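Trainee: structure for this input, please:
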Amino acid sequence: MTATLAHITPMRGVNDEGKGKKYALHRLIHATDAEVLWLHDDDIVLPTASDAEALVALGDADLLILPLYMNAPHQSLIERLQVIEYTALQALTIRMAKRGEAILCSGANMIVRRDVWLQAEPHLHPEIPSGDDMFLLEYCKRTGRRIAVCEAENMTATVTAQPTLRALFRQRMRWAGKAPHYTDPDIR
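Mentor: Alright, predicted model coming up:
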């Protein structure tokens with residue numbers, strides 16, 4: 001029997017009832033009975049892979065870290081610098097995960113088994129507005145779950161660089177806000 005896959009995309013003002021991304025994720029994941037969840041952010045260009053290809057890529061893994069590419073639509077200096085940094089972070093993400101020492105992942109493009117998510121949910125820090133992806137990664141590492149990585153081009157989603165220094169700073173403050181709560185030594 002083939003597993004079923006659901007695409008989970010939290011959207012501000014659409015499926016979050018004004019309560020944020022974490023609430024939308026909880027609501028959407030509890031509303032599906034699919035065995036596998038393909039998580040996306042609402043501001044990405046989706047991968048071209050089919051659901052069947054995604055399930056093959058997942059294999060027997062519990063969490064599949066997928067690649068992200070960053071584009072710079074205006075080619076401004078701030079965007080181009082982000083692309084350079086993001087490319088390096090993606091290379092590090094993929095390399096470390098392939099070595100069995102995952103240190104990063106992104107809920108913008110990630111596949112996880114629903115039962116694993118549900119078991120991890122109490123450990124995803126509901127008091128912090130974001131960070132489910134990284135807290136999920138920590139949970140999977142701590143509980144010995146199988147974490148895999150896929151580099152296939154058709155599994156790559158595209159994110160867009162922040163257009164201004166102010167927007168970049170706000171994004172990085174959100175990212176930094178969850179860092180004190182990480183417990184995994186490799187991630188810290």
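Trainee: next one: phi and psi at the closest residue to Ala3 other than its chain neighbours?
Mentor: Spatially, and ignoring its direct neighbours in sequence, Ala3 is nearest to Glu35 (4.4 Å; Cβ to Cβ, 6 or more residues apart in numbering). Glycine gets a C-beta too; all of them are placed from N, C-alpha and C. As for Glu35, its main-chain torsions (degrees, to the nearest 10) stand at phi -80, psi -20.
Trainee: what residues does Glu35 make contact with?
Mentor: Listed by Cβ atoms under 8 Å, 6 or more residues apart in numbering, the contact partners of Glu35 are 3-5, 113-115.
Trainee: average model confidence for the lengthiest helix in the chain?
Mentor: As far as residue count goes, and with DSSP state H defining each element, the longest helix of the chain is helix 77-98. Mean pLDDT, computed over helix 77-98, is 95.
Trainee: quick check: buried residues in that helix?
Mentor: 78-79, 82, 86, 90, 93-94, 96-97 (16 or more other Cβ atoms under 10 Å).
Trainee: secondary structure class for Gln119?
Mentor: Put simply, Gln119 is helix when judged by DSSP: H, G, I helix; E, B strand; the rest coil.
Trainee: for the contacts of Glu35, pick the one with the most neighbours.
Mentor: When neighbours are counted as other Cβ atoms under 10 Å, the busiest of these turns out to be Arg113, with 22 neighbours.
Trainee: if I look at that one, how far off is Ile29?
Mentor: Distance check for Arg113 against Ile29: by Cβ to Cβ, to the nearest Å, it reads 11 Å.
Trainee: who touches both of these two?
Mentor: With contacts taken as Cβ under 8 Å, 6+ apart, Arg113 and Ile29 have Leu37 as neighbours in common.
Trainee: ok so Val112 is a strand residue?
Mentor: Yes: using three-state DSSP, the secondary structure at Val112 is a strand.
Trainee: by mean pLDDT, point me to the weakest helix or strand of this protein.
Mentor: Scoring the helices and strands of the chain by mean pLDDT, DSSP states H and E places helix 165-178 at the bottom, with a mean of 88.
Trainee: buried sites along that one?
Mentor: Burial within helix 165-178, assessed by neighbour count using 16+ other Cβ under 10 Å, is assigned to 168, 178.
Trainee: which other helices and strands does it contact?
Mentor: Applying 3 or more Cβ pairs under 8 Å, 6 or more residues apart in numbering; DSSP states H and E, one finds that helix 165-178 makes contact with helix 77-98.
Trainee: and the helix it packs on, how far out from the chain middle?
Mentor: When C-alpha coordinates are averaged (Cα atoms, centre = their mean, to the nearest Å), helix 77-98 and its chain have centres 15 Å apart.
Trainee: do stretch 94-101 as well
Mentor: When C-alpha coordinates are averaged (Cα atoms, centre = their mean), stretch 94-101 and its chain have centres 16 Å apart.
Trainee: since that was my last question, I'll sign off now.
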